[in-house]
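K.L.:
Fold the following.
(4 chains)
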4 protein chains.
Amino acid sequence: MLDLKQDEAAATDASALAARYQAVRDHTEWLAEPLQDEDQCLQSMVDASPVKWHRAHTTWFFERFVLTDGVAGRDPVDPQREYLFNSYYDAVGPRHARGQRGLISRPTVSEVGAWRSSIDAEMARLLAAGGIAPHCVDRIELGLQHEQQHQELLLSDLQHAFAAHPFPPTYRGGERWLGPALRQHAPQWLAFDGGLQSFGHAGVGFAFDNESPRHHRWLEPFELSSELVTEGEWLAFVEDGGYRQPRWWCADGYALVQAQDWQAPLYWRRDAAQWSVSSLGGLRSLQAERPVSHVSWYEADAYARWAGARLPEEHEWEHAVERDDRCNQTLDALWQWTGSAYRPYPGFAAASGALGEYNGKFMCNQFVLRGGAWATPAGHARLSYRNFYYPQQRWMFSGVRLARSL
Amino acid sequence: MLDLKQDEAAATDASALAARYQAVRDHTEWLAEPLQDEDQCLQSMVDASPVKWHRAHTTWFFERFVLTDGVAGRDPVDPQREYLFNSYYDAVGPRHARGQRGLISRPTVSEVGAWRSSIDAEMARLLAAGGIAPHCVDRIELGLQHEQQHQELLLSDLQHAFAAHPFPPTYRGGERWLGPALRQHAPQWLAFDGGLQSFGHAGVGFAFDNESPRHHRWLEPFELSSELVTEGEWLAFVEDGGYRQPRWWCADGYALVQAQDWQAPLYWRRDAAQWSVSSLGGLRSLQAERPVSHVSWYEADAYARWAGARLPEEHEWEHAVERDDRCNQTLDALWQWTGSAYRPYPGFAAASGALGEYNGKFMCNQFVLRGGAWATPAGHARLSYRNFYYPQQRWMFSGVRLARSL
Amino acid sequence: MLDLKQDEAAATDASALAARYQAVRDHTEWLAEPLQDEDQCLQSMVDASPVKWHRAHTTWFFERFVLTDGVAGRDPVDPQREYLFNSYYDAVGPRHARGQRGLISRPTVSEVGAWRSSIDAEMARLLAAGGIAPHCVDRIELGLQHEQQHQELLLSDLQHAFAAHPFPPTYRGGERWLGPALRQHAPQWLAFDGGLQSFGHAGVGFAFDNESPRHHRWLEPFELSSELVTEGEWLAFVEDGGYRQPRWWCADGYALVQAQDWQAPLYWRRDAAQWSVSSLGGLRSLQAERPVSHVSWYEADAYARWAGARLPEEHEWEHAVERDDRCNQTLDALWQWTGSAYRPYPGFAAASGALGEYNGKFMCNQFVLRGGAWATPAGHARLSYRNFYYPQQRWMFSGVRLARSL
Amino acid sequence: MLDLKQDEAAATDASALAARYQAVRDHTEWLAEPLQDEDQCLQSMVDASPVKWHRAHTTWFFERFVLTDGVAGRDPVDPQREYLFNSYYDAVGPRHARGQRGLISRPTVSEVGAWRSSIDAEMARLLAAGGIAPHCVDRIELGLQHEQQHQELLLSDLQHAFAAHPFPPTYRGGERWLGPALRQHAPQWLAFDGGLQSFGHAGVGFAFDNESPRHHRWLEPFELSSELVTEGEWLAFVEDGGYRQPRWWCADGYALVQAQDWQAPLYWRRDAAQWSVSSLGGLRSLQAERPVSHVSWYEADAYARWAGARLPEEHEWEHAVERDDRCNQTLDALWQWTGSAYRPYPGFAAASGALGEYNGKFMCNQFVLRGGAWATPAGHARLSYRNFYYPQQRWMFSGVRLARSL
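P.N.:
Next up is the predicted model:
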């Protein structure tokens, strides 16, 4: 997990909130620091956004949902910025096509920087003035959590863009940018009895709407691995012909493997006789004890079947990780694919208004990932967190922890 | 439900099985009877198959999985037929591309008919000889259930192909071919307490592997509608601009609605001021009390949200329909979309060998439908049955029953 | 050239015209004779049409442009038939999508046959009545030439459809269906001085509008090969890596070769160590002296460059073939690609009305082929004939004759 | 025509060549001057390249084909630069995918600028040293002509990229950036007798290989318009429904018009009741006397047919413009579409080696444009110049001059 200067506790009073605000905002800038302006404009696929866009969109979020909505008499967001930097909120209005974000040369990188500063100054005045309504505090907290999500996206999108360069630049040097920390322990199967249990956000501290309501679920007995699957283990799957045997794969997954000629995880490269892995820290050798990352759900599911296991259900994951501290690398290594389709919890209802679109409208066709990644900002992840991606996606910091039924 | 000459009870002894075998096989032929040879060769999209292909594929299933696997010394299936009429069994070997089934002019329709007769004669001899191993009886029963599935597919595929003709032929005349029976009762909300309940196939009679294992599930209190949504109710959604307002739709669904300019269910046609509906029985007026059919999951989900409700979970549906006989049109009108992603039940494991591919490899990216349709062969549907389709598909006999949380 | 019972001379009086009409129409039926109804409905790609469609469209052409236009009080064409069997005449009205012709199961094959007979009877009455206006005679002649074009298309489309079957049927047995006749002479370079020459249809007998006006053109000195390129010669190009070396290809051609992984002409198949060729007469060995067929312009152009030559300009071809009877296999073996883009001759103007669309609107993006093929009906080809196809197409009866500048 | 500081006469001695070299190179930099670094990286479609890429590629051209090929002992081009900035020379080696040029964030804009300076310094030393071989002088001249082509491409590509921005930036202010100069004269039909004439580069001064060999051609009598078609004239075509009537269009063109819903030239915008035109100088009103630009061949051909005329053949254009000085706006307004497919002149042979790919491999599927545009560098255009584009392309500076046969 990144060593951020961010306060992990909830900021309940204005000065703490102001400090936390500045720390989160500064961290985004720190992430952009090593980049050339040209790097910040790259969009290498429709699912990814330029670094500049992330910096602008998160700023728009505060301007739109905190300042404009919450400060009497404040001017609305400039319509051009609203059009360019609204991500997907239909209730806000029409917006720039997602796949065309790389074509927004203006505002420039430095103009976006200046905009960030001016909004930060305005936010600082608001926070210094005191007497902020609880509703507004919630919006600020949501904006900070939102910005932290984009901090991680910024890194995954940048990694993808750099990997599309025939001679990929290195983002930053040092062990921490090579991927999740090496596995320290031999994997164990940890057994759980299941039964009727409670799940979801328990009500203390921030959580997204999709982690609620708290609800019951019956679990059958199961086992969960104490460790993440590693590159060394995955290599055995590759070398066993795993990517060429339909029996390990669901039908949609194998069709994709063939259509796109997948032979290994996204950032693996084979040169002559050996594999290397491209990372934000540059190209490195495949490392037997490094947890394997950048795998799709299709691959995770196929690997699990090959390994005589399966992916955990999201409720199993939450139950086990909460109860057994022998589970390693849970929140700080890689997001872990589950076998659970991303659907609303029983009784879930999206909020009204634009922010009701935050999570609710994405609750189909995706799978849940649990945990958190080395690239996740410190303090952002928690046990009830529900991340979600499409089964074919693999440019994010995804990994695999196995389960099996008893 | 079609008035078939099929014995609904399980055929446990050889002569009953022989009679049931012939009844099911004859029904397929009866379905093809009104068609010209040219009609039987139509493939109007990759998801649909020609009638001739259905007749051949179901025959191959018996030849391959009963006769070849089960009769000592029997010749294997002719390799050309195996290549042409294997649907998706990777373990059997390579096969003809699914989207090219319309290009198989040979064997001709009458050659396929002759093949069907010869396999039926061979099956009759096998069944008359007696002493069939239980394993083989199971294979025959699976073959019959499989053929019944294709009887329904044959109709949905044919309807799609005829609808692609600029001047669509009528398949058969008469009220029964116009769609599901008219709704007879005003809808009521039926309330259920939920709690810890048991689900899945209880072990009596035939069931597909995906209905097992029997397992527990906790349900929160909910209500289920006693009736299906009708064309008249759906029209109100259309007229309220339902297909043009993103707030009712999940994001993927609305993107599809825009990309394909969906404005109503698949077979609705607007002429000047009024709507009509194309059916196997010809073009008819929209009917206020006819349950709406041929809607995708995206549409069903959006309609439910617009109506202030939601789709039932598959466990809710099973629980409610099993317990409350005020639920109408459950198994004999339309398959009913649920909010449940199609995933394995806890403890599910696919069988080994080719038949393990029957259901298991499709358990991602689809949603479960429960019940049965007017086009489903009599005796084929049951409460634990799990049908499944992709959320964008709508050429099958799908409908909507609403639920809501209490 | 097919040994047809067609009168090659222009039929100028009514009884000769009636006989010629019936001979041409009968030949179409003879071509369809060996086919199953199912074969007649195949459409294997958007450029090809079903045999049934060819039989119907040519019938529509007479009904629409001779009977309806020319016979007082005659009923118009049934609107459904007009919609289904109009090929591309915008002035006639809207029409069925070209790529969906395989989905027209109705009218059936036998209904189309009956329609053909009834139109033939009506035409026979018209021709027997005498006193046909010259304008109407011209329309009938155009209809016959049009039907002859479709006789050849019918064969090329059928060959493509059968080749798409994993176990291709044989259309007819016998040497004549294996392709163009074997080359009988060693190739010679025939030299021509060029100079200012006249080209185009000289005004005697039938010609299409695109062969006029007669016009002058200056030719530089050149040589033309007396023979067509053979399969044996083409094999040397393949074995020299011709399909893998960009230097022989124009840029668009090489991009296509790579995208579609072309390695040889369309109907060549490599099994283990040797090549065979699929034909209407079945699969046969590659034959060194058989003129190579089913090559695209891109391939013809690349082959010519590899061979140190070039394709002839259409004016060169016409000039040389007209003057030197040492040119072999000119009209009866294969259409011969030229280096000339298909553009109007100086002073060309399309006729007004629907028939003005016959050729004029296709005069861009295609290349001219000259000569005629073994599958061209007897008497249909002539020296001024301009056939045309897109440079990527190769399912027609195309071949190569080389030229070079002096 | 841009008022460049470029010497239009051929530079035959070293110091003149050095001066000309620097003037051309400086002009590229002047074109990039108003742009932000972010603007220079935009690639809005596969046919267009980023400004930075143009600056780099033209530099690579000198380094590769002058310095590396021509200076003994000189190091080869850095392999990464060669891979990134080789445009399409197969003989040089593999290269970066054309559609991915917008993803090359490194080298940065300023690094490319530094590379340009260093190559310029090296070139200056070479030119100052004297004694350059004639072969090498030719290469330098080709490099300069090449760079001038890219200066124009740079502007058309930039215009396209800016137009893709929802709030397009203005490149430079001032009348000269609004498009071609206003038409000053009423159009006249100028008549020409034709006959046997000579065409192609006459051998004095620089010309590309595709302008040779000098050759004869017979022309029929024709008329050419003295003027270009204007926006006002084109508006009448639009308002007459020209884009909705297939009869004016070739078949491929009309299919494209429908598929892409073309309703006017590329940069026309309709707001409420009036049209405006986006340009490098910003959005302006449609101007009746401004020559219409950014039209495809399909549109030009359709317009000509609607206007009762046709496009001139390239030989007609060359003949007429050379002989009649009443032809206005020939080289300095817009490239003028001709009806001539881009094919080699009689006797043309591409040079051997990489530079033989310069023009030769593009001689199919494109049409010739003659003249020159307001954005063409001064001194670059000439009467024998053959520009060429695909018939669907329209982002370049293309316009229309009509002809008709007598």
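K.L.:
What's the first helix or strand after the helix or strand residue A:117 falls within?
P.N.:
Element membership for residue A:117, per DSSP states H and E: helix A:109-129. Following helix A:109-129 in sequence order, the next helix or strand is helix A:134-163 (DSSP H and E).
K.L.:
The helix holding residue A:117 near chain D anywhere?
P.N.:
Yes: Helix A:109-129 comes into contact with chain D (C-beta under 8 Å from any C-beta of the partner chain), by way of residue A:109. Using the backbone N, CA and C atoms, a C-beta is placed for each residue, glycine as well.
K.L.:
so what does that helix touch, helix or strand wise?
P.N.:
Packing partners of helix A:109-129 (3 or more C-beta pairs under 8 Å, 6 or more residues apart in numbering or on different chains; DSSP states H and E): helix A:14-32, helix A:51-62.
K.L.:
Buried deepest among these, which one?
P.N.:
helix A:51-62 (a mean of 25; mean count of other C-beta atoms under 10 Å in any protein chain shown).
K.L.:
C-terminal to it, what's the next element?
P.N.:
From helix A:51-62 onward toward the C-terminus, using DSSP H and E, the following helix or strand is helix A:69-70.
K.L.:
confidence score at residue A:12?
P.N.:
At residue A:12, the predicted lDDT confidence score is 52.
K.L.:
Kindly report the same for residue A:133.
P.N.:
89.
K.L.:
got the contact list for it?
P.N.:
residue A:70 (C-beta atoms under 8 Å, 6 or more residues apart in numbering or on different chains).
K.L.:
what do you get for residue A:150?
P.N.:
By C-beta under 8 Å, 6+ apart, the residues touching residue A:150 are A:28, A:54, A:57, A:58.
K.L.:
what about the last one, distance to chain B?
P.N.:
Just to be clear, that refers to residue A:58. Residue A:58 is 20 Å from chain B, where distance means C-beta to the nearest C-beta, to the nearest Å.
K.L.:
Quick check: chain neighbours aside, which residue is closest to that residue?
P.N.:
Spatial nearest neighbour of residue A:58, excluding adjacent residues (C-beta to C-beta, 6 or more residues apart in numbering or on different chains): residue A:147 at 4.4 Å.
K.L.:
show me what contacts the one you found?
P.N.:
Taking C-beta under 8 Å, 6+ apart as the criterion, residue A:147 is in contact with A:24, A:25, A:28, A:58, A:61.
K.L.:
Quick check, the residue in the stretch 251-400 of chain A closest to chain B?
P.N.:
residue A:341 (3.2 Å; C-beta to the nearest C-beta).
K.L.:
can I get the contacts of residue A:150 in TSV with pLDDT?
P.N.:
Output for the contacts of residue A:150, formatted as TSV (pLDDT from 0 to 100):
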residue	pLDDT
A:28	98
A:54	98
A:57	98
A:58	98
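K.L.:
Could you tell me the model confidence score at the residue lying closest to residue A:115 once chain neighbours are set aside?
P.N.:
Distances taken as C-beta to C-beta, 6+ apart place residue A:59 nearest to residue A:115, at 5.9 Å, with adjacent residues excluded. Note on residue A:59: pLDDT of 98.
K.L.:
interface residues of the stretch 51-200 of chain A facing chain B?
P.N.:
A:88, A:90, A:91, A:196.
K.L.:
Residue C:275 versus the nearest residue to residue A:327 once chain neighbours are set aside, what's the distance?
P.N.:
In this structure, residue A:327 finds its nearest non-sequential neighbour in residue A:321, 4.8 Å apart by C-beta to C-beta, 6+ apart. Distance, residue A:321 to residue C:275, by C-beta to C-beta, to the nearest Å: 62 Å.
K.L.:
neighbour-wise, which of those two wins?
P.N.:
residue A:321 (20 against 17; other C-beta atoms under 10 Å in any protein chain shown).
K.L.:
Pretty sure the more buried one sits against residue A:329.
P.N.:
No: using C-beta atoms under 8 Å as the test, residue A:321 is too far from residue A:329 to be in contact (10.5 Å).
K.L.:
what are the ranges of the helices in chain A?
P.N.:
Along chain A, counting by DSSP state H, helices occupy A:14-32, A:51-62, A:69-70, A:79-85, A:109-129, A:134-163, A:231-239, A:251-259, A:297-306, A:314-323.
K.L.:
tell me which strands and helices the last one is in contact with?
P.N.:
The helices and strands touching helix A:314-323, judged by 3+ C-beta pairs under 8 Å, 6+ apart, are strand A:189-192, strand A:195-199, strand A:215-219, strand A:222-225, strand A:335-341, strand A:367-371.
K.L.:
how far does the third one sit from the chain's center?
P.N.:
When C-alpha coordinates are averaged (C-alpha atoms, centre = their mean, to the nearest Å), strand A:215-219 and its chain have centres 26 Å apart.
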